[in-house]
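**Student:** Could you look at this predicted model? Sequence included:
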Amino acid sequence: IRPMPLTGAMLAMGAGILSGLPPWLGFLSEFLLLTAAFRAVELPWHLHLMAPLLVVAAVALAATMATAAFIKAFGTAFLGHARHVLPRQPQDPPPAMSLAVAALLGTSTLLMVLAPLWLVPLSQVMHTLPGLAIDDARQGLQQAIAVVRPVQLVGALLLMAILAISAARSSLLRRRTVSRGPTWDCGYVRPMARMQHTGFAFSQPVVALFGRLSGQRQRLQLSDGLFPSEGRLTVSAPDLWREHLFVPLFRGIARSLAPMRRLQQGSTHLYVLYIAITLVAVTVWGLGR
């Protein structure tokens, strides 16, 4: 992240938006979904307990998996040192490109902070939905605005805290001599880039949590002796749906359709005969109706 600090910071903010973390707009939609799910318990449904629980579980699972995926992507791309010699030193893109991304990130943050203001005009659009009266739309939006106001306040305070901490850090570092050193060494005299964590290290906690559902396979090979001179760890995560569902399914379909290959002889005359027989059969069937 040292040669590309601006790109790394914007990627981290974008990952937070897509993962639904505060103080950005993605968290607002998740919060409204969770609030609606909890309030749905009051409705007179015979499945009034199961449906909200499924919604809460789906939202929580989606947010967790998205956060884990972006943590791995960010850690792999921006943390640690390059394992190979790069042809050129990476650097941030030109200011025009960075400004476009920064504008999108700022818009998302601003929409979160000003959420009650842009929720009100939605009542003019929601009443056009089939089966929804304008009074019901306004009442629902008023309830949503009442729920959003605390989230708006917390998001604004969190944003102000982030800006204050960043400004304080910059002010303190400006008065001191800043030197750079290795991020980690783990007690080694001469650490190498090959000794640092890989992208798998960032996703390993989530993979271990889901266990066999991830289909992960590990194979560790070490040389003999108390002090192995070399070792190899191979980690693979095959697609369980592909191996246990789609591959057997399509293999069975291929075996069942194999006898029909006899109809494909490569002769144009036979193909014309097939078409003629089909036309005659369709005509007879049409006359029979």
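**Tutor:** Here it is on my side, so go on.
**Student:** and Met13, how many residues sit next to it?
**Tutor:** Residue neighbour count, defined by other C-beta atoms under 10 Å, stands at 19 for Met13. Where C-beta positions appear, they are placed from N, C-alpha and C, glycine not excepted.
**Student:** Distance check, it against Val235.
**Tutor:** 30 Å (C-beta to C-beta, to the nearest Å).
**Student:** Kindly report the same for Arg289.
**Tutor:** Arg289 is 62 Å from Val235, where distance means C-beta to C-beta.
**Student:** higher neighbour count, those two?
**Tutor:** Each of Arg289 and Val235 has its neighbours counted (other C-beta under 10 Å); Val235 has more, 13 against 4.
**Student:** ok, what's across the strand from the more buried one?
**Tutor:** Gln218 (DSSP bridges).
**Student:** I'd say it and Arg217 touch.
**Tutor:** Yes: in terms of C-beta atoms under 8 Å, Val235 counts as a neighbour of Arg217; the distance is 7.3 Å.
**Student:** what residues do the two have in common as contacts?
**Tutor:** With contacts taken as C-beta atoms under 8 Å, 6 or more residues apart in numbering, Val235 and Arg217 have no neighbour in common.
**Student:** what are the ranges of the strands in this protein?
**Tutor:** Using DSSP state E, the strands assigned to the chain run over residues 217-222, 231-236.
**Student:** out of those strands, which comes closest to Leu105?
**Tutor:** Evaluated with C-beta to C-beta, the strands of the chain place strand 231-236 nearest to Leu105, the distance being 33.9 Å.
**Student:** Check which helices and strands the closest one sits against.
**Tutor:** Using 3 or more C-beta pairs under 8 Å, 6 or more residues apart in numbering; DSSP states H and E as the contact criterion, the elements in contact with strand 231-236 are strand 217-222.
**Student:** now for the strand it packs on, which elements pack on it?
**Tutor:** Under the contact rule (3+ C-beta pairs under 8 Å, 6+ apart), strand 217-222 is packed against strand 231-236.
**Student:** Go ahead and name everything in contact with the strand it packs on.
**Tutor:** Residues lying outside strand 231-236 but in contact with it, judged by C-beta under 8 Å, 6+ apart, are Phe200, Gln216, Arg217, Gln218, Arg219, Leu220, Gln221, Leu222, Ser223.
**Student:** Distance from the chain centre to that strand, please.
**Tutor:** Relative to the centre of its chain, strand 231-236 is centred 26 Å away, using C-alpha atoms, centre = their mean, to the nearest Å.
**Student:** do stretch 104-122 as well
**Tutor:** Using C-alpha atoms, centre = their mean, the distance from the centre of stretch 104-122 to the centre of the chain it belongs to is 22 Å.
**Student:** Is it possible to mark the buried ones in the contacts of strand 231-236?
**Tutor:** Of the members of the contacts of strand 231-236, the ones counted as buried by neighbours, 16 or more other C-beta atoms under 10 Å, are Gln216.
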